[in-house]
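Trainee: Give me a 3D structure for the following:
(2 chains, ligands or ions: 1)
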Amino acid sequence: MTMIRDIFKRNRERNGPTIPSKAAKDVPEGLMFKCPECKHIVLTKEMAKLQKVCQKCDHHCKMTAQERVESLMDKDTFESIDDHLKTGNPLGFPGYTEKIEADSKKTGLNEAVLTGTGKIDGQPVVAAIMDSHFRMGSMGSVVGEKITRAVELATAKGYPFVIFTASGGARMQEGVLSLMQMAKTSVALKRHSNEGLLFISVLTHPTTGGVSASFASVGDINIAEPKALIGFAGRRVIEQTVREKLPEDFQTAEFLLAHGQLDAVVHRHNMQKTLSSLIRLHTKGAVAHG
Amino acid sequence: MANKAQKSLPFEEPLIQLRKKITELKEYTQNAEVDLSAEIDSLEARLENLEIEIYEDMKPWDRVQVARHPNRPTTLDYIPYVFEDFIELHGDRLYGDDEAIVGGIASFKGQPVTVIGHQRGKETKENVRRNFGMPHPEGYRKALRLMKQAEKFKRPIICLIDTKGAYPGKAAEERGQSEAIARNLVEMAGLEVPVISIVIGEGGSGGALALGVGNHILMLENSTFSVISPEGAASILWKDSALAQTAAEAMKITAPDLLEMGIIERMIPEIRGGAHHNPVKQAEFLSEAIEKSLSELNPLNPDGLIDQRYNKFKAIGVFTE
Ligand SMILES: [Zn+2]
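Mentor: Just a heads-up that it's a prediction; the model follows:
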């Protein structure tokens, strides 16, 4: 929560999805893509083929939930669920409903996570893909409910559950209800786990606050994309508290790997293959008891 | 735990003024030997009314102040009055012993229980040692170790929540603060024994929730449970932490708010003006609430307890289909 502003700042610096208006005037907006990291310009179409990884500096640019589906799932296998759930305004925050509607229009999603069933390399999964273009990927009641229902579906079907996290944390406008979504998703994950089913958490930029401190961190396998920002408390808050300069790579995927918090950092171009192997290794040829 | 004079809070100012006036009049009567007893009686009646007026209609920000009162009873203050034979158990067996969370075994009306709670300090030195009740990962991991131990020996678990939140520090991040909190949420979901989580002071975000996945969540009348502090909310919403008072109202963080939202099972009444006015009596209220919850949860079998917890949290959220 406390780091929401930090992430806004960071995103402005690092993640312009398409060329901002003040960029080169002769480049038609939408047609070209400028890497927010190294400013390398490439055809948007080309960038999509590269799964939005900069060919010059290898920066993993932010993806929408739909782009993620396309890059992972077998063609035409993904079927979304719970797109009809509608966010309320439980605390009566002025302008909240309008903000949700605007982001819904912008992203084509009902909330900050897309859930559904699909196949990865022929293997069925239930997936939840968070989209940071929607309210910073923050978790309110609908995000919690959609993830919980997706986990329940995976439990009922006996499928692996795969989540791609991208979130600034709990959604402040829903107050303590958003905090409680951390517990709600957890009780569902426990049931899934008790059935001996696989849960893979893929942490992408950024995964912070309440999302980091709940489902994102408790996969059977936790993997992250390179350089993703992952952490609980915001960098600025920590700097103010401990009164020391934090290392440059603090709270990056690589930092977490070095501190034993991740199983692996996986390049986006290897993600589909890695997930496919992991799923296969968890579903085929296990020791049969009794 | 003595019933001594307490630091007063801003909203109590009218009471302080009136009490002062009564004291002055009484002193005057003694020295001047005039009879002002009628006036004094009338003022004391007014004081009684004013106390009711102020304490029976506490605003969210008043409650925040009471929840943060330096003399508000802490976990270790309550334990000797609520439980018998408490034995503190230390350490997470992985890295260290976080004194921002205490835990151990005790007896509650004859039944062995595990008690775990956040622990603030009473003065600066203790606060430094206990990190102002803001845990590091070791604290959550110690709590989980004690919960699993309780489960093995079939003891109910009582968690007392009282923290501003997880500690925003470098070491806490390096040692997996996120994972430690997340792990507690998932593991608490599966505990085969009754879990009662009681907010006794501030219940701040993930650091509080890490002890909060109970079959029942109870809150003391003047405690708070929130996703972010009122100051933090104000600074994000309006770029001005001075608007904390407004944020305290907007964020719906008080016990009556959470009761209304269906997040907590019960609100535990407080001594008029706040628990710090009479911790011993307050401990009795706490005992009664624990007894009531245990009498409802003790009869459930392991699956029943897990299902009850599942259904409780599954139902939390506001949306339309
Ligand atoms: Zn680049």
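Trainee: just for chain B, where's the confidence low?
Mentor: Scanning chain B for pLDDT under 70 picks out B:1-5.
Trainee: Helix, strand, or coil at the nearest residue to residue B:68 once chain neighbours are set aside?
Mentor: Distances taken as CB to CB, 6 or more residues apart in numbering or on different chains put residue B:202 closest to residue B:68, at 6.5 Å, once the chain neighbours are dropped. Every residue, glycine included, has its C-beta placed from N, CA and C. For residue B:202, the assignment made with DSSP: H, G, I helix; E, B strand; the rest coil gives strand.
Trainee: Residue B:202 pairs with what?
Mentor: Beta bridges link residue B:202 to residue B:224 when assigned by DSSP bridges.
Trainee: which residues does it contact?
Mentor: Residue B:202 makes contact with B:67-68, B:162-164, B:208, B:223-224 under the criterion CB atoms under 8 Å, 6 or more residues apart in numbering or on different chains.
Trainee: ok, now with 10 Å
Mentor: B:64, B:67-68, B:72, B:118, B:120, B:133, B:161-165, B:208, B:223-226, B:229, B:253 (CB atoms under 10 Å, 6 or more residues apart in numbering or on different chains).
Trainee: again with residue B:94
Mentor: B:137-138, B:141-142, B:145, B:175, B:180.
Trainee: List the strands paired with the strand ranked longest in chain A, with their directions.
Mentor: Determined from DSSP state E, the single longest strand within chain A is strand A:199-208. Strand pairing for strand A:199-208, determined by DSSP bridges: strand A:161-167 (parallel), strand A:221-224 (parallel), strand A:230-231 (parallel).
Trainee: What are the contacting residues of the last one?
Mentor: So the one you mean is strand A:230-231. With CB under 10 Å, 6+ apart as the test, strand A:230-231 has contacts from A:3, A:165, A:203-209, A:211-213, A:216-217, A:222, A:224, A:238, A:250-253, A:255-257, A:261-262, B:168, B:172-173, B:177-178.
Trainee: Sort out which residues of whichever helix or strand comes after it are buried, please.
Mentor: Sequence-wise, the next helix or strand downstream of strand A:230-231 (DSSP states H and E) is helix A:235-242. Neighbour-count burial for helix A:235-242 flags A:235, A:237-238 (criterion: 16 or more other CB atoms under 10 Å in any protein chain shown).
Trainee: Could you list which of the residues you listed also contact chain B?
Mentor: Residues of the buried residues of helix A:235-242 in contact with chain B (CB under 10 Å from any CB of the partner chain): A:235, A:237-238.
Trainee: For those residues, please prepare TSV with the additional fields pLDDT.
Mentor: Putting these into TSV (pLDDT from 0 to 100) gives the following:
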residue	pLDDT
A:235	91
A:237	90
A:238	93
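Trainee: Name the nearest of the residues you listed relative to residue B:245.
Mentor: The shortest approach to residue B:245 among these belongs to residue A:237, at 21.7 Å (CB to CB).
Trainee: Return the distance of the residue of the stretch 101-250 of chain B found nearest the ion relative to residue B:182.
Mentor: At 27.3 Å from the ion, residue B:173 is the closest residue in the stretch 101-250 of chain B, using CB to the ion. The spacing between residue B:173 and residue B:182, counted by CB to CB, to the nearest Å, is 14 Å.
Trainee: mean confidence for the helix or strand residue A:114 falls within?
Mentor: Using DSSP H and E, residue A:114 maps to strand A:113-120. Averaging pLDDT along strand A:113-120 yields 98.
Trainee: just the helices in chain A please.
Mentor: Along chain A, the segments classed as helices by DSSP state H run A:4-14, A:44-49, A:65-72, A:96-107, A:141-157, A:175-194, A:209-212, A:235-242, A:253-258, A:268-283.
Trainee: so of the ones you listed, which one's packed in deepest?
Mentor: Most buried of the helices of chain A by mean neighbour count (mean count of other CB atoms under 10 Å in any protein chain shown) is helix A:209-212; its value is a mean of 32.
Trainee: other SSEs contacting it?
Mentor: Packing partners of helix A:209-212 (3 or more CB pairs under 10 Å, 6 or more residues apart in numbering or on different chains; DSSP states H and E): helix A:141-157, strand A:161-167, helix A:175-194, strand A:199-208, strand A:230-231, helix B:177-189, helix B:205-209.
Trainee: so the fourth one versus helix A:65-72, what angle?
Mentor: To tie it back to what came earlier, the one meant is strand A:199-208. 140 degrees (axes from the mean of the first three to the mean of the last three CA atoms, to 10 degrees).
Trainee: swap in the first one?
Mentor: Our comparison of helix A:141-157 with helix A:65-72, counting by the same axes, to 10 degrees, yields an angle of 30 degrees.
Trainee: Now do helix A:141-157: distance to the chain's middle.
Mentor: 15 Å (CA atoms, centre = their mean, to the nearest Å).
Trainee: Pull it out as CSV, backbone CA atoms only.
Mentor: Coordinates of each C-alpha in helix A:141-157 appear next as CSV, following Å, rounded to 0.1, in the frame of the first residue of the first chain:
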residue,chain,number,x,y,z
SER,A,141,-12.9,-7.6,-3.5
VAL,A,142,-13.4,-8.6,-7.1
VAL,A,143,-9.7,-9.4,-7.7
GLY,A,144,-9.7,-11.5,-4.5
GLU,A,145,-13.0,-13.2,-5.5
LYS,A,146,-11.8,-14.0,-9.1
ILE,A,147,-8.6,-15.5,-7.9
THR,A,148,-10.4,-17.5,-5.2
ARG,A,149,-12.9,-18.9,-7.7
ALA,A,150,-10.1,-19.7,-10.2
VAL,A,151,-8.3,-21.7,-7.4
GLU,A,152,-11.5,-23.4,-6.5
LEU,A,153,-12.1,-24.4,-10.2
ALA,A,154,-8.5,-25.8,-10.4
THR,A,155,-9.2,-27.8,-7.2
ALA,A,156,-12.5,-29.1,-8.6
LYS,A,157,-10.9,-30.0,-11.9
